[in-house]
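[1] my questions concern the predicted model and sequence given below.
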Amino acid sequence: MRIKYVILNGPPNSGKSTVARWLTRQLSISDDFQTAIQDEPAGPVKHFVATLLGERYSEMNKDKPRAELGGRSVRQFVINLSEDHIKAEYGPDFLGRMLVYRSLRRLNPKPDYVILESSQDGAEIDAIPDRYIVRMDRDGCTFDNDSRGFLATPNFILLNNGSLDDLMGTVILLVENIKAWAQR
C-alpha cells in the first residue's frame, strides 16, 4: 500500500491537533494500520526558527512582535521566510515535495497513513500524492494573521462546534470515510 496523506485544513484552534491524534489512534486500532502525524509542509521552517530563538514552537506566542525578528512576529517571520525566500528560490511546491520526501525516507516503519496537522497553499498540497482533505470549521476560528486559507475541494467537512463526544463521533465517521477512500 502506498502512503495515504490525510490533510487537516482549518484555522488555528479549530481542533486539528486533537483530531490528528484521535485519527491516528482510531486508524491504528481499527485495522492495525501504521500511522504517523507530521506537521504541515512548512513545519521544518517553523521549528528551525524556534530553534534559532532557543524555544519550542508549540510553546511560543506566535503573534507577538519580537525585536530579534526585526519587529515581526514568529508567524510573520516564518511566512516571509517560506513565501519570499524558500518558495521563490525552489518553487511553490518545494515544501510539499520535501514533506513527501521526509515521509518516504525518514519514517520507519513506513506508515500506511500520514496525518498532516495543517496545510499551506494549493501548490504545496498538489505536490502530495494520494491526499484526502478534511476541512475543519469551528465558530470563532479564522485564518486572520495566517498565510493559510481553506483549500478547494475538501473530501470531508468536519464542524467542531459541539462536545468532545460529538467530535469523537465525527472522527469515527471520518475514519470510515478515509478507509473507503483508500480502497478506491
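    Perfect, I can see it now.

[2] need the next SSE after the helix or strand bottoming out on mean pLDDT in the chain, C-terminal direction.
    Ranked by mean pLDDT, DSSP states H and E, the helix or strand of the chain with the weakest confidence is strand 35-38, at a mean of 76. Where DSSP states H and E defines the elements, the next helix or strand beyond strand 35-38 is helix 43-53.

[3] now for that following helix, which elements pack on it?
    Helices and strands touching helix 43-53, by 3 or more CB pairs under 8 Å, 6 or more residues apart in numbering; DSSP states H and E, are helix 74-80, helix 94-105. (C-beta placed from N, C-alpha, C; glycine too.)

[4] Val74 and Glu59 touch, don't they?
    No: if you go by CB atoms under 8 Å, Val74 and Glu59 don't touch, sitting 11.1 Å apart.

[5] the two: who's more crowded?
    Counted by other CB atoms under 10 Å, Val74 and Glu59 do not tie: Val74 has more neighbours, with 21 against 7.

[6] distance of Ala67 relative to Pro41?
    28 Å (CB to CB, to the nearest Å).

[7] thinking again about what came up before, list the contacts of the least confident helix or strand of the chain.
    20-21, 23-24, 27-28, 99, 102-103, 107, 111-117 (CB atoms under 8 Å, 6 or more residues apart in numbering).

[8] how many neighbours does the closest residue to Phe143 other than its chain neighbours have?
    In space, and not counting its chain neighbours, Phe143 is closest to Pro11: 4.8 Å by CB to CB, 6 or more residues apart in numbering. Using other CB under 10 Å, Pro11 is surrounded by 19 other residues.
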